[in-house]
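A.B. asks: got a predicted structure plus its sequence, pasted below:
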Amino acid sequence: MIAKELKEGEWIHLIDYKERVYTLVLKKGARFQYSGQFLAHDEVIGKPEGIKVVFSSGKEMTVLRPTYSEYVLKMPRGAQIIYPKDTGQILMLADIYPGATVLEAGIGSGALSMAILRCIGPAGTLISYETREDFAKRALLNIEQYMGPPTNLILKHQDIYKEITEQDLDRIVLDVPEPWQVVPHARISLRTGGVFLSYLPTIVQVIQLVETLRREKGFSQINVSESLVREWKVDGQSVRPDHRMVAHTAFLTTARRINY
């Protein structure tokens, strides 16, 4: 449970009247400098989020903890992240649930890992394969910064193309460029009824994956989808779609493990 009061070491957002967001990590004795003004971190530590703070020259800002979506878009990155619009779809399409044992590869910057950890809860287990130690280190720092040290994350320096050492996995979620190399291992390690999901940027990759899933046998209900998000502006009588939208980022391919 998140404490009501903001603590030293927490990542917070300061938001001005134009809804511009400034990020800082709270540290006792430190100052946040902005346009010739400053705010002492001690003025925020111990206070609840949602308060209004006043800078040295009178400027006011609102203090809030970042939501998951806000945090992953601003956190330091080792690798490109999976964007929140796709993360939401992944959690639904892969049917991630409390208590599940989930294998993911690779961990990247840890964005999807955090979302999975929140879904599986303390009774679940997330096993992450990552071949790059710098990515793994960055991802773990990001996860710990946002949600504290995870007790149910098993991070392995392991190449998923070569093997999966676990058995009876409930879900396998892949963000790797050649997931078709994983399909034979997934057929062995995924429990019957389990869900296989792959995140791929191009349809050429998707075609090769789907053909492999069909050829390998042991998988059914193969489905491919993508999500597009368009925001709207609502200001008095001016109500219209935004000029920009978050369109294609990746295709999501899912399949169920069957026993024949």
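C.D. replies: Thanks, I have it.
A.B. asks: list the contacts of the residue lying farthest from the centre of the chain.
C.D. replies: Relative to the centre of the chain, and counting by Cα atoms, centre = their mean, the farthest-placed residue is residue 57 at 37.8 Å. By Cβ atoms under 8 Å, 6 or more residues apart in numbering, residue 57 lies in contact with 36, 37. For the C-beta atoms, the positions are set from N, CA and C on the backbone; glycine is no exception.
A.B. asks: quick check: it is in a strand.
C.D. replies: No. Counting by DSSP: H, G, I helix; E, B strand; the rest coil, residue 57 falls outside a strand, being coil.
A.B. asks: and the pLDDT at residue 252?
C.D. replies: Model confidence at residue 252, given as pLDDT, is 98.
A.B. asks: any idea how far it is from residue 49?
C.D. replies: Look at residue 252 and residue 49: by Cβ to Cβ, to the nearest Å, they are 33 Å apart.
A.B. asks: mind checking which of the two has more residues around it?
C.D. replies: residue 252 (22 against 16; other Cβ atoms under 10 Å).
A.B. asks: that one contacts residue 92, correct?
C.D. replies: No. Residue 252 is beyond contact range of residue 92, at 9.8 Å (criterion: Cβ atoms under 8 Å).
A.B. asks: in the protein, which spans are helices?
C.D. replies: 68-74, 84-93, 111-120, 133-147, 183-189, 203-216 (DSSP state H).
A.B. asks: Serialize the ones you listed to a markdown table and add fields for mean pLDDT, distance to residue 196 and mean neighbour count.
C.D. replies: Formatted as a markdown table, the helices of the chain follow (pLDDT from 0 to 100; distance: least, Cβ to Cβ, whole Å; neighbours: other Cβ atoms under 10 Å):
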| stretch | mean pLDDT | distance to residue 196 | mean neighbour count |
| --- | --- | --- | --- |
| helix 68-74 | 93 | 24 | 17 |
| helix 84-93 | 96 | 11 | 19 |
| helix 111-120 | 97 | 15 | 23 |
| helix 133-147 | 94 | 22 | 18 |
| helix 183-189 | 97 | 5 | 18 |
| helix 203-216 | 97 | 8 | 16 |
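A.B. asks: any chance of those helices in CSV, plus distance to residue 195?
C.D. replies: Output for these, formatted as CSV (distance: least, Cβ to Cβ, whole Å):
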stretch, distance to residue 195
helix 68-74, 22
helix 84-93, 8
helix 111-120, 12
helix 133-147, 23
helix 183-189, 10
helix 203-216, 12
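A.B. asks: how about the biggest strand by length in the chain: buried residues?
C.D. replies: Using DSSP state E, we find that the single longest strand of the chain is strand 190-200. Residues 190, 194, 195, 196, 197, 198, 199, 200 are the ones in strand 190-200 that count as buried (16 or more other Cβ atoms under 10 Å).
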